[in-house]
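> only the shape, not the letters, is given here:
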């Protein structure tokens, strides 16, 4: 005889456990302590087994019957419902452990050695501020494109368009890592192309070919008319001759200079893209380096440009900025802008873009390819850099 809701409601504890059957293996169990449970008795592969369906009244009669029906359907397909339940529980645990925040932190931990410490810190801070509160607890494989977009939209709505695009790019890297490690199957950021408002590209302020000779004339007077430090002037000249990034100049070491090969070899750990970089040294750069060597050749730690305040440290990152300000070029150019100036002039004078880009260290993001291409077009780049040195000498460097 099938159970009724009233019969279940009126069931009282007894001295021993007793069961009230509903048919099809489903029964209601009452313990002496007053516990009430739904269970299913069934046979699988010739063995009698039992399965828990929950506690009454959390699970009512109708729901218990639905669970019985679902379990019987699985048995008809040759599936043990109890084992399936255990597998699903493990999957839920696995999904929880593989949520977006967990994967993002794991990705960050694995990648941070390839970044500058400040850059690594900024990436994690932005994830913690914008993404983790919104989707951090979600299993990464279950996150949908609209969900991800909803998490990024508030950044865009604050007018931080560039940051919104960066965040989407970072999330794309996290999803690619999840796919590579078997925790996701699809990079949903690909589905969001065009979903964010485009960002108008910003170029660093830089001098035109016409403005460059005037600047070089002022730079030559930096240690006299502007009461600046002569080492700053020499560092700035080397920056223009080599058009490397300012951080690469400031951190330069004497053991990186190969006088015989006329090359400056910057190791991967000091490069933005974490790939070694070769800078061919023209005759003007070599002459300048000899002047610098007379001043800092025996510096503590072997630095070309040690800090004036603390010889154990390198030149401050504000050194070039202050020099530009003193000479009246604030807002007109930046230290980084001389890379754009050099690139423009070299392109206009017919040098192959590939050679220029390689000299700018705009290398492939792919780390395997980057490990092999640091010497690409090296002989051609030697020729190009000597032309650049000669050009600068003619206009007043």
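Nice, I can see it. These numbers were taken from a predicted model, which means no experiment stands behind them.
> quick check: which element contains the closest residue in space to residue 127 that isn't next to it in sequence?
Closest residue in space to residue 127, ignoring its immediate chain neighbours: residue 104 at 5.5 Å, by C-beta to C-beta, 6 or more residues apart in numbering. Where C-beta positions appear, they are placed from N, C-alpha and C, glycine not excepted. Assigned by DSSP states H and E, residue 104 belongs to helix 100-111.
> and the strands in this structure?
Counting by DSSP state E, the chain has these strands, from start to end: 18-23, 26-30, 36-44, 47-55, 257-258, 263-266, 277-280.
> how about residue 35: what's its closest non-neighbour residue?
Counting by C-beta to C-beta, 6+ apart, residue 35 lies nearest to residue 55, which is 7.4 Å off, once chain neighbours are set aside.
> quick one on the thing from earlier: run through who's touching the helix holding residue 104.
Helix 100-111 has contacts (C-beta atoms under 8 Å, 6 or more residues apart in numbering) with 120, 123-124, 127, 131-132, 135-140, 143, 173-174, 177-178, 183-184.
> show me what contacts residue 229?
Contacts of residue 229 (C-beta under 8 Å, 6+ apart): 223, 308.
> relative to residue 320, how far out is it?
Residue 229 is 12 Å from residue 320, where distance means C-beta to C-beta, to the nearest Å.
> and residue 55, by the same measure?
Look at residue 55 and residue 320: by C-beta to C-beta, they are 71 Å apart.
> kindly report the same for residue 18.
According to C-beta to C-beta, residue 18 and residue 320 sit 87 Å apart.
> of the two, who's got more company?
Neighbour count, other C-beta atoms under 10 Å: between residue 18 and residue 320, residue 320 has more, with 22 against 14.
> isn't that one right next to residue 239, touching?
Yes. In this structure, residue 320 is within contact of residue 239 by C-beta atoms under 8 Å, at 7.1 Å.
> what sits in contact with each of these two?
In terms of C-beta under 8 Å, 6+ apart, residue 320 and residue 239 are both contacted by the residues 246, 335.
> domains for the protein, by residue range?
Taking automatic domain parsing as the reference, the chain has its domains at 5-90, 100-192, 212-394.
> tabulate those (CSV), appending mean pLDDT and distance to residue 206.
Formatted as CSV, those follow (pLDDT from 0 to 100; distance: least, C-beta to C-beta, whole Å):
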stretch, mean pLDDT, distance to residue 206
domain 5-90, 91, 58
domain 100-192, 91, 19
domain 212-394, 87, 3
